[in-house]
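Peer 1: pasting a predicted model and its sequence here:
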Amino acid sequence: MTALSTTTDKVNPLTAGQLPAYVTWAALAGALIVGGLLDTTLLSGFDPGTTAFAAAVIYLPVIYLLSRAVEGRRRAADRLATNLVAGAFLLALLPLISLLWETLSTGLPRFDAKFFSWSMRNVIGAGGGAIHALYGTLIVTGIATLISVPIGLMTAIYLVEYGRGALARGITFFVDVMTGIPSIVAGLFAYALMAIVFGPGTINGLAGSLALSVLMIPIVVRATEELLRIVPNELREASYALGVPKWRTIISVVLPTSISGIVSGVILAIARIIGETAPLMIAAGFTNSINTNPFANPMMTLPVYVYDQYAHPGVQREFYTERAWAGALTLIVLVMVLNLIGRFIAQRFAPKTGR
Amino acid sequence: MTSVTQSTREVTPTPTPEHPVNKARERIGDRVFSGLATGSGVTILLILAMVAGFLLVQAFPALATSPAELEAKGYGQFWSWILPFAWGTVYASFWALLMAVPVAIGIALFISHYAPRRLASSLGYVIDLLAAVPSVVFGLWGSMVLAPAVQPLYLWLNTYLGWIPFFSGQPSGTGRTLLTASIVLAVMILPIITSLSREVFLQTPVLHQEAALALGATRWEMIKMAVLPFGRAGIVSSVMLGLGRALGETMAVAMVLSGAPVITLEILTSQNPNTIAAVIAQNFPEAYGLKTNQLIAGGLTLFVITLVVNSIARLIVSRYKEFSGAN
C-alpha cells in the first residue's frame, strides 16, 4: 500500500496544477477528427476550410474548460488568448495560401512561350499573349522610376541634411499625406493634368508614369530618409574636418555609405507600384497592340491587362479567364522577384557598422 | 556635433559681416546642391497642390453646372449622385475594419510576443507577402475564388440570422456582395495594421513587461496591463491608416462588386452600394463630356475623405511620438 502510493501519487511540485503538454495536442487532434467527421456527415462533403473552422469551434471551448477546471480561471484565460492569437495568424495564412495556390494552378496552363511573345492584336478566343502589356509595364514603370528617384532622393537629402524649421516639417507632413493618396486619385490627377496641358482625352504611357510617380515619390522619400538618418554622424564630421564641402560630403561619404539600402528601397518601391491598376486604367488606357511610344496613344500594362481579360471577356470566357490568371501569375512573380532582389541587396551589401 | 552646426553655418548666409574671418568661403557646389535638395522638397509640395488644383479645375464643370441642366442630361445632381457611393465607401470600409482589426492585432501580438524569437521576423515577412500581392490579383481572387466559396455561408447567414438587418434581403446567387468585397479589403489592410502595431508592441518598455511578469501575471495579463495600454495610440493610428487604404482601394471592389446606387444596410444581396473608387474605375474608360467631370469630382471627394482620415492618423502618431519619446 505504502509502496504503491509513493510510486503513483508522487506529485512533481513544479508541474502540479498544470495540464500536461500532450493534452493540448490531443485536444487539437480530437477537435480536428470530430470536425472532419461532422463536416463529412452533416454538411456537404469534406472541405479543409470548413473542417478547420469546425475544429476551432470545438477546440477553443474544450481546452478553455479543461484548463479552467485544472489550472484555474487566469491560466485558462491565458491559454484562450494564446490560442486566439495563434489562430489569428493561421487565419491570415488562409487567404495567402489560397491566393497563391489558385494563381499557380490556374495561371500555369497559359504561362507559356506564346503568352510572352504574342500581343492581343486581332486575337479573339484562344491564343494571344501579353507581350504588349509587358512592354507597357516596363516602359511606364521605368519612366515613373526615372521621375521619382531623383525627386525622392533629393527630398530625402534635404530633409536629413538641410531641412530645418517649418518647410522641413511641412514637407515631412505632406509626404505622409501623399502616401495616403488613393491610387485612383493619382490616376485622375494625371488625366486632369494631360487634359489641361494637351487637351481633353489625352491618354498615353507618360500620363501613366506621372500617375505612378505621385504614388512612388513618397515611398522613395520615406525609405531613403530612414537610411540617410542612420549614417553615423562621425563619418560626416570626419569629412568636414578634412575640409570637404558639405555637398561633396553628401555625395562621396553619406550616399556611398547608404547606397545599398537606397537601391533596395527603390527596388521595393518599384515592386509596390508595378502592380497598380486603377491609375493606369485611367491615365494609360487600354489597347490590344504593342505600343512602345509613351508619348502617344494608349499603352497596355500588365495589371490593366489582367483586369481587361477578366472584365471584358468574349464569347468563350475560359480563354480570357486563363489569360487573366496567367497575367496575375506573371505579376506576382515580378513582384516577388523584385522583393527578393531588394531584400538580397539590402542584406548582402549592407554597410559594415563596425559593431 | 559642433562641426555639423559649423558646417550649416557655412551654407546659411549669416548676417554678421563684421566677422569675415570666422566665415568660410561660400562654395558654388554647396549652393547648387542645397538649392536642388530644397527644390525637390518644394516640388513635392507643388505636386500635392497640383493634384488638388487640377482635380478641382476638372471637377468644376460638374459642380458648377446648374442642377436642372445636369438632370436634363441624365447625370443627376452631383450630391445626390455621390451620396450612395460615399455611403458604400464608408460602409464597406467599416466591415473591412471590423474583420481586420482584431485579426491584425492578434497577428501583431503573435509575432511580437508569442512566436519563437528566431521565427518572428520570417513570420512577419510572410504577412508582408500579403501586402506585396497586387490589388488586381486580389480582385481576381475575390471574385473568382472567394465569392463562390463563401456563398453557401451567406445562404446560411441569411436563413438563420436573417432577422439581423445586415443579413436580411434576397441573398446573392453569385456571392459577389458587399461582404465579399469587405473580406478582400480586410485581407488587403491586414499587413498595414499588423506591421505598424507590431512595431509599437515591440517598443513596449521591457521593464514594464518584466515587472508585470514578476508580480505573477500570466502572459495575457502582462499584455493587457503593459503592452496594450502602451500601444493604444499606435493601434488607433494604424487602424486609421488601414481605413485610409480601405477607403481608397479600387480594384478589389470594382472586380468583386457590381454595385448599384442604393443606400442600404444589407450586405448579402446583389443590390449593394458601390464605392466611389470602384464607380470611377468602372465608368471612367467609357465616360465622356460632363460624365468625366462628374467622376473626377467624385475622385476629389474621395481625396478629401482620405486626406482627413490620414491627417488624423498622422496627428495621433506625431503626438504619440512626442509623448513616448520612442524615437
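Peer 2: Nice, I can see it. Numbering: from 1, shown residues only, chains lettered A, B, ... in the order given.
Peer 1: which residue, other than its chain neighbours, is closest to residue B:103?
Peer 2: Leaving out its chain neighbours, the residue that sits closest to residue B:103 by C-beta to C-beta, 6 or more residues apart in numbering or on different chains is residue A:88, at 4.7 Å. All C-beta spots, glycine's among them, are computed from the backbone N, C-alpha and C.
Peer 1: which residue is nearest the centroid of chain A?
Peer 2: Taking C-alpha atoms, centre = their mean as the criterion, residue A:272 is the residue nearest the geometric centre of chain A, at 6.7 Å.
Peer 1: looking at it now. What's its pLDDT?
Peer 2: Predicted confidence (pLDDT) for residue A:272: 90.
Peer 1: correct me if wrong: it contacts residue A:217.
Peer 2: No: with contact defined as C-beta atoms under 8 Å, residue A:272 and residue A:217 do not form a contacting pair (11.8 Å).
Peer 1: for the record, mean pLDDT for the one helix or strand residue B:120 maps to?
Peer 2: Following DSSP states H and E, one finds residue B:120 within helix B:117-132. For helix B:117-132, the mean per-residue pLDDT is 86.
Peer 1: ok, residues contacting the next helix or strand after it?
Peer 2: Going down the chain from helix B:117-132, the next helix or strand is helix B:135-141, by DSSP H and E. Residues from elsewhere that reach helix B:135-141, judged by C-beta atoms under 8 Å, 6 or more residues apart in numbering or on different chains: A:95, A:98-99, A:102-103, A:183, A:275-278, A:303, A:306-307, A:310, A:324-325, A:328, A:331-332, B:184, B:187-188, B:249-256.
Peer 1: rerun that using 7 Å as the cut-off
Peer 2: Contacts of helix B:135-141 with the rest of the structure, by C-beta atoms under 7 Å, 6 or more residues apart in numbering or on different chains, involve A:99, A:102-103, A:275, A:277, A:303, A:306-307, A:310, A:324-325, A:328, A:331-332, B:184, B:187-188, B:249, B:251-252, B:254-256.
Peer 1: returning to what we had before: against residue B:191, how distant is the residue nearest to the centre of chain A?
Peer 2: Distance of residue A:272 to residue B:191, given as C-beta to C-beta, to the nearest Å: 12 Å.
Peer 1: now swap in residue B:233 and tell me
Peer 2: Taken as C-beta to C-beta, the span from residue B:233 to residue B:191 is 20 Å.
Peer 1: between those two, which is the more surrounded one?
Peer 2: Between residue B:233 and residue B:191, counted using other C-beta atoms under 10 Å in any protein chain shown, the more crowded position is residue B:191 (25 against 17).
Peer 1: what kind of secondary structure is that one in?
Peer 2: Secondary structure state of residue B:191, per DSSP: H, G, I helix; E, B strand; the rest coil, is helix.
Peer 1: residue B:125 is in contact with that one, correct?
Peer 2: No: if you go by C-beta atoms under 7 Å, residue B:191 and residue B:125 don't touch, sitting 10.5 Å apart.
Peer 1: for the lengthiest helix in chain B, packing partners?
Peer 2: In chain B, assigned by DSSP state H, the helix with the most residues is helix B:28-64. The contact analysis (3 or more C-beta pairs under 7 Å, 6 or more residues apart in numbering or on different chains; DSSP states H and E) places helix B:28-64 against helix A:131-157, helix A:165-179, helix A:183-198, helix A:205-229, helix A:246-249, helix B:290-324.
Peer 1: report the contact partners of residue 86.
Peer 2: Defaulting to chain A. Contacts for residue A:86 (C-beta under 7 Å, 6+ apart) come out as B:110, B:114.
Peer 1: that was the other one, I meant chain B.
Peer 2: Taking C-beta under 7 Å, 6+ apart as the test, what residue B:86 contacts is B:276, B:301.
Peer 1: how many degrees apart are the helix or strand harbouring it and helix B:290-324 in direction?
Peer 2: Assigned by DSSP H and E, residue B:86 belongs to helix B:78-109. If you take axes from the mean of the first three to the mean of the last three C-alpha atoms, to 10 degrees, helix B:78-109 sits at 40 degrees to helix B:290-324.
Peer 1: tell me which residues of helix B:78-109 come out buried.
Peer 2: Neighbour-count burial for helix B:78-109 flags B:78, B:81-82, B:84-93, B:95-97, B:99-101, B:103-109 (criterion: 16 or more other C-beta atoms under 10 Å in any protein chain shown).
Peer 1: just stretch A:22-31 next, same as before
Peer 2: Buried residues in stretch A:22-31, defined by neighbour count with 16+ other C-beta under 10 Å: A:24, A:27-28, A:31.
Peer 1: for the chain, which spans come out with low pLDDT?
Peer 2: No chain in the question, so chain A it is. Residues of chain A that meet the criterion pLDDT under 70 lie in A:1-11, A:43-46, A:350-355.
Peer 1: look at chain B instead
Peer 2: Residue ranges of chain B with pLDDT under 70: B:1-25, B:320-327.
Peer 1: swap in 50 and give it another go.
Peer 2: In the predicted model, chain B carries pLDDT under 50 at residues B:1-11, B:14, B:16-17, B:19-20, B:325-327.
Peer 1: show me the domain layout of it.
Peer 2: Per the record, chain B has its domains at B:2-58, B:68-324, by automatic domain parsing.
Peer 1: so which of those domains is the most packed in?
Peer 2: Comparing those by mean neighbour count (mean count of other C-beta atoms under 10 Å in any protein chain shown), domain B:68-324 ranks first with a mean of 20.
Peer 1: distance from that one to the middle of the chain?
Peer 2: Centroid displacement of domain B:68-324 relative to its chain, using C-alpha atoms, centre = their mean, to the nearest Å, is 8 Å.
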